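Enquirer: Quick one, what's the 3D model for this:
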Amino acid sequence: MTAYTATVTIRLKRGVLDPEAETTQQALERLGFELSDLRSADRFEVDLDAADADEAADRADEMAERLLANPTIHDYDVAVAER
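Expert: Numbers count the residues shown, from 1 in each chain. Next up, the predicted model:
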């Protein structure tokens, strides 16, 4: 078994209201920053042991599907790196 860190990044799908990002974007614009869009995201880092990177990614994907993300309103990405 090898030690991996799986990073799961979860964000709201386009078209789903994101009040946190909207408020932050407005504040950044008041500070003089120009931007066309801003989206908020949550990131989870999961340390786990697996036979290989594909197995670690599959397990992290299952975690996202079953608990971390709501597939109706969220998109998510999984990235795996050896620790």
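
Enquirer: buried residues in stretch 37-53?
Expert: Leu38, Arg39, Phe44, Val46, Leu48, Ala50 (16 or more other Cβ atoms under 10 Å). C-beta here means a position set from N, CA and C on the backbone, and glycine is covered the same way.

Enquirer: Please enumerate the helices of this protein.
Expert: Under the criterion DSSP state H, the chain carries helices at the ranges 19-30, 53-63.

Enquirer: tell me the most buried of the ones you listed?
Expert: helix 53-63 (a mean of 17; mean count of other Cβ atoms under 10 Å).

Enquirer: Make a markdown table from the buried residues of stretch 37-53 and add distance to Ala64 and pLDDT to it.
Expert: Converted to a markdown table, the buried residues of stretch 37-53 look like this (distance: Cβ to Cβ, whole Å; pLDDT from 0 to 100):
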| residue | distance to Ala64 | pLDDT |
| --- | --- | --- |
| Leu38 | 23 | 95 |
| Arg39 | 17 | 95 |
| Phe44 | 8 | 98 |
| Val46 | 10 | 98 |
| Leu48 | 13 | 97 |
| Ala50 | 16 | 98 |
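
Enquirer: Of all pairs in these, which one spans the longest distance?
Expert: Leu38 and Ala50 (34.4 Å; Cβ to Cβ).

Enquirer: still on that earlier bit, Throw the helices of the chain into JSON lines and include mean pLDDT and distance to Val8, thanks.
Expert: Formatted as JSON lines, those follow (pLDDT from 0 to 100; distance: least, Cβ to Cβ, whole Å):
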{"stretch": "helix 19-30", "mean pLDDT": "97", "distance to Val8": "18"}
{"stretch": "helix 53-63", "mean pLDDT": "98", "distance to Val8": "6"}
